[in-house]
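Student: curious how this folds, go ahead:
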Amino acid sequence: MHGDLHIHQYSGSNNLDDIQYIHAIEVTDLATGEIVSGDVLIHVGGFFTSLEDWEAHRTDGGNTPTPDPSGGDPVPPSPGVEPNCDYDQVLAQIDQLSILKNWADSGTYDQCCNLNEVHPASCITDDFLIWMFEQQAPTCPDLRSWMVYNLSSRDFNFVEMGEDVDNNRPWMTMDVQMAMRGRWHECFPNFD
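Tutor: Predicted coordinates for the structure are as follows:
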């Protein structure tokens, strides 16, 4: 978010637990970079005041520490990485083009991509996809093939594809889209 941010508390206190709304009056359109004036009121049920508090209230199972083989304190897993998902190994094993196709088509990976019990489909998360793009994967020819597949199979141009993603593909989060765009610009720096 870019611009002014107002936090509304109606109880008169400075306690984060009492925050009821966030009021944003400007946002940046990530597709164009344009700052758009607006008046968005976002209702919230409160904020966590510490990382420990957030971890204690997670509903996704969280990241449970891995026991240290030497008998010391448990070693916490890397943030966002499932304990059995070694990203380097997953990347070496998967069919990257199939991962991209499934990301665009459905956001599910159960029946594709050379995944197995050692590296299950649950390893393919937004964090993994962002990491994959940051590792300069997929190859530029695969990235181009994937984009051709997306556009030709739907009879879209780039603008129509962007609108379709915005309106019909909520699993294609902005963070992953931005990582993919970064990789696209690495491969095709003169593409407009």
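Student: show me the contacts for residue 176.
Tutor: With contact set as C-beta atoms under 8 Å, 6 or more residues apart in numbering, residue 176 has these partners: 103, 126, 129, 130, 133. Any C-beta I mention is one placed from the backbone N, CA and C, and that applies to glycine too.
Student: cutoff 6 Å now
Tutor: Applying C-beta atoms under 6 Å, 6 or more residues apart in numbering, we find residue 176 in contact with 126, 129, 130.
Student: what residues does whatever helix or strand residue 164 lives in touch?
Tutor: Following DSSP states H and E, one finds residue 164 within helix 158-168. For helix 158-168, the surrounding residues in contact (C-beta under 6 Å, 6+ apart) are residue 172.
Student: next one: stretch 123-130
Tutor: Under C-beta under 6 Å, 6+ apart, the answer for stretch 123-130 is 80, 85, 90, 109, 173, 176, 179.
Student: re the thing from before, following the helix holding residue 164, which helix or strand comes up?
Tutor: Criterion used, DSSP H and E; the element after helix 158-168 is helix 174-187.
Student: got the buried residues for that next one?
Tutor: 176, 177, 179, 180, 183, 184, 187 (16 or more other C-beta atoms under 10 Å).
Student: next one: stretch 125-137
Tutor: 125, 126, 127, 128, 129, 130, 131, 132, 133, 137.
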